[in-house]
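S.K.: sequence-free structure coming up:
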């Protein structure tokens, strides 16, 4: 007879139940996937041992795709159908995108977000990003040999609601269960903080391929508290390439280039930039399709000149973030450098001069975000080993507000508010007898609505006719832990209540996601229905496990009848799960959700009381069960 | 624990203006460590929703208690005193005169780009505000909510002014 196994105190009683979770850094230039193996975060490599996946997707006429290195090498041959730096288009309209004129794509303006017409059809940036994510998901599934419980996907801290929502949609489209959207500098801080075990205030300077973030974080006893964040979601290594590109055009007196030549030259510019990191001079040569030969040398001094403006552009948000945190440069204990673009010695020097200290570069700036994301994912799925426990308190980067009379912005939630957060504000009618109200949600710091980003417009109808100023419309903003907003409005002076909740308009509806899934599945010769069924089954399983764990942990919070009812509902869900009817599974899940509501309340109540009773408390009002 | 209970009891504190901020910080972190959505990323829907509500509530309570002006307003609200921030802007004439002088000084320094003068104004006002918070503490100790309400209304003006000075300093830096 086999012996029973007993786990180390504090460790999971069932080591074989280690849940598979991944962290994904969905970057402008490169993407990575990482996981925690035997307590250590590692990046997962492809068959050739390469951890990076170039964020490049090439579409073919049959709608199949090439992703990564293969697509990257073909970009100069097939620039129109090979999408690079798609992250720059996420949640963006055509007018928001810089250097459109030097891009080879056939852009199509669409409401909320631009699209690209490729040989494989019209693609939204969400779909292109989903291709990259699918590739990483597959890499992880092969490496880990199992089903993934979920993923943490990183986003630039300075991403607004539209960009975050687009990222989450892309992950859903790729079939990933998103545990959390995590800010990239925060992810880097986790990777660093846990390695260095330091306390104090740190700055994370994250210059990626297309985005710049600065976050100021306070580390105290296992808590990572973001004090402020700032940045520029359209500034990164790409812009340095573009500056060199413009310099080449000028030096070589080139006529307007074909898309192919443009791509080729841009690649050469990037290579030259990278070469200059360790060399005083970089050759820059290219044979163009016109037969023209570009043959230049870029030296460090010239490059430093070219880079100067861009580097000082990053220091403005740094100053602002420090001010928002109420700190000065000398209060910062350490500066963490993240992102491939921080390899440029010019960037390191400028940051070092500003903070008057040598920046920390001991972790690979390309990998640190993915490693932090994997570490967080591991914690979120509950694979912790007792001693490794920490809490993240992050913020929203930009203020959220509403349009009021005269096109002015009324801020409802200020930037750098700790999430999750909610705030309600009351508004009133402008005219006598007004029965509807247009609500326009915006994000940004500027006073004029036209200078802010429009997130959503909706109408609240059914306001009872009253004199101007008599109605009381309460608009509630809720930002969740992913930094995503939902808005609700309700008229509350009269008994007649009209209420509406919106997700900002660029977010994809479930139908759209289903449609896209179906399209992609047809290609993969899979069945969208069976996948939806599988997803429901996985979700049901997760719910059963969570409920059973709760029952085991806190049986004393329920009486016999309640326990029996929950156990029976679990059994019913389990039966339904074995079947093939997705709708019935969803109904059974709703039932279980309903039956466990009171239990959830009591558990939450208990854990808060536990905190309070662990202290030298005065005057706690022990409330009854909520 | 009732989510509608007052902000002080959420942190196991009795209502009062005088507060040990580092103690509040650590109580806040302990509560968040229990209720934050990251603790429930893999839980059922009901628990996830509750966790978001509680974490939101803890953030709001913490922000209110952390800042002395917000804390004072909240205490007055609990004591049933209305600050009438929007409807009643009447203030004594001498206070208003003083305010106008301050504002003129700030505007002058701002348009002249006088960084040094703005710093000086900031420090002077900061000192004044801190002294007023001391006084406010005594008023709350004595339970004089009527006078405290008047002092809070003055402080609202002063904090706004301080914000404007800082804003002017920031725009000079850029």
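M.R.: Now that the structure is in, tell me what you want to look at. Predicted, not measured: the structure shown is a model, and the values here were computed from it.

S.K.: okay, now the unreliable bits of the chain?
M.R.: By default, I'm working from chain A. A:1-16, A:194-197, A:385-387, A:494-529, A:614-626 (pLDDT under 70).

S.K.: can you look at chain B instead?
M.R.: Using pLDDT under 70, the flagged stretches of chain B are B:1, B:85-89, B:174.

S.K.: same thing but 90
M.R.: Applying pLDDT under 90 to chain B picks out residues B:1-5, B:41-49, B:80-97, B:99, B:113, B:115, B:166-174.

S.K.: helices of chain B, start to end?
M.R.: Taking DSSP state H, the helices of chain B run over residues B:7-10, B:21-35, B:45-66, B:68-78, B:93-111, B:115-142, B:145-173.

S.K.: my bad, chain A
M.R.: A:69-74, A:125-144, A:161-173, A:184-196, A:237-251, A:259-275, A:300-324, A:345-355, A:368-380, A:510-523, A:528-553, A:560-578, A:582-595, A:597-613.

S.K.: need the residues that contact the first one.
M.R.: Read that as helix A:69-74. Residues from elsewhere that reach helix A:69-74 (Cβ atoms under 8 Å, 6 or more residues apart in numbering or on different chains): A:50, A:53, A:54, A:56, A:57, A:58, A:65, A:66, A:82, A:84. C-beta: built from backbone N, CA, C; applies to glycine.

S.K.: give the contact list for residue A:37.
M.R.: Residue A:37 neighbours (Cβ under 8 Å, 6+ apart): none.

S.K.: I misspoke; the intended subject was residue A:100.
M.R.: So residue A:100 contacts A:94, A:107 (Cβ under 8 Å, 6+ apart).

S.K.: one more: the one 3 residues further on?
M.R.: For residue A:103, the contacting residues are residue A:97, taking Cβ under 8 Å, 6+ apart as the criterion.

S.K.: next, give phi and psi for it.
M.R.: phi -100, psi 140 (degrees, to the nearest 10).

S.K.: how about the residues of the stretch 201-350 of chain A by chain B?
M.R.: A:220, A:221, A:223, A:316, A:319, A:320, A:323 (Cβ under 8 Å from any Cβ of the partner chain).

S.K.: now a PyMOL select for only the buried ones of these.
M.R.: Applied in PyMOL, the following selects the buried portion of those according to 16 or more other Cβ atoms under 10 Å in any protein chain shown:
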select buried, chain A and resi 223+319+320+323
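
S.K.: next, give me the two most distant ones among the residues of the stretch 201-350 of chain A next to chain B.
M.R.: A:221 and A:316 (32.9 Å; Cβ to Cβ).

S.K.: separation between residue A:44 and residue A:153?
M.R.: The gap separating residue A:44 from residue A:153 is 15 Å, by Cβ to Cβ, to the nearest Å.

S.K.: typed the wrong thing, it's residue A:468
M.R.: From residue A:468 to residue A:153 the distance is 47 Å (Cβ to Cβ).

S.K.: returning to that earlier point: want to throw the residues of the stretch 201-350 of chain A next to chain B into a markdown table with distance to residue B:136?
M.R.: Below are these laid out as a markdown table (distance: Cβ to Cβ, whole Å):
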| residue | distance to residue B:136 |
| --- | --- |
| A:220 | 29 |
| A:221 | 31 |
| A:223 | 30 |
| A:316 | 37 |
| A:319 | 33 |
| A:320 | 31 |
| A:323 | 27 |
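
S.K.: out of the residues of the stretch 201-350 of chain A next to chain B, which is nearest to residue A:538?
M.R.: Out of those, the member with the shortest distance to residue A:538 (by Cβ to Cβ) is residue A:223, at 31.8 Å.

S.K.: hang on, that closest one packs against residue A:390?
M.R.: Yes - between residue A:223 and residue A:390 there is a contact under Cβ atoms under 8 Å: 6.8 Å.

S.K.: for the residue of chain B positioned farthest from its centre, give me its contacts.
M.R.: For chain B, the C-alpha farthest from the mean C-alpha position belongs to residue B:44; by Cα atoms, centre = their mean, that distance is 36.1 Å. Residue B:44 is in contact with A:543, A:546, A:547, A:550, A:592, A:593, A:596, A:600, counting by Cβ under 8 Å, 6+ apart.

S.K.: anything in stretch A:400-408 near chain B?
M.R.: No - using Cβ under 8 Å from any Cβ, stretch A:400-408 stays clear of chain B, coming no nearer than 14.1 Å.

S.K.: how much space is there between the residue nearest to the spatial centre of chain A and chain B?
M.R.: The residue lying closest to the centre of chain A (Cα atoms, centre = their mean) is residue A:155, at 3.2 Å. Separation of residue A:155 from chain B (Cβ to the nearest Cβ, to the nearest Å): 16 Å.

S.K.: and residue A:30, by the same measure?
M.R.: 26 Å.

S.K.: count the residues that sit near the spatially closest residue to that residue that is not a sequence neighbour.
M.R.: Excluding the flanking residues, the one nearest residue A:30 by Cβ to Cβ, 6 or more residues apart in numbering or on different chains is residue A:52, at 4.3 Å. Residues lying near residue A:52 (other Cβ atoms under 10 Å in any protein chain shown) number 20.

S.K.: got the contact list for residue A:52?
M.R.: Per Cβ under 8 Å, 6+ apart, neighbours of residue A:52: A:30, A:31, A:32, A:366.

S.K.: name whatever forms a beta bridge with the residue in the stretch 201-350 of chain A that chain B sits nearest to.
M.R.: Residue nearest to chain B within the stretch 201-350 of chain A (Cβ to the nearest Cβ): residue A:223, separated by 5.1 Å. On the basis of DSSP bridges, residue A:223 is bridged to residue A:220, residue A:391.
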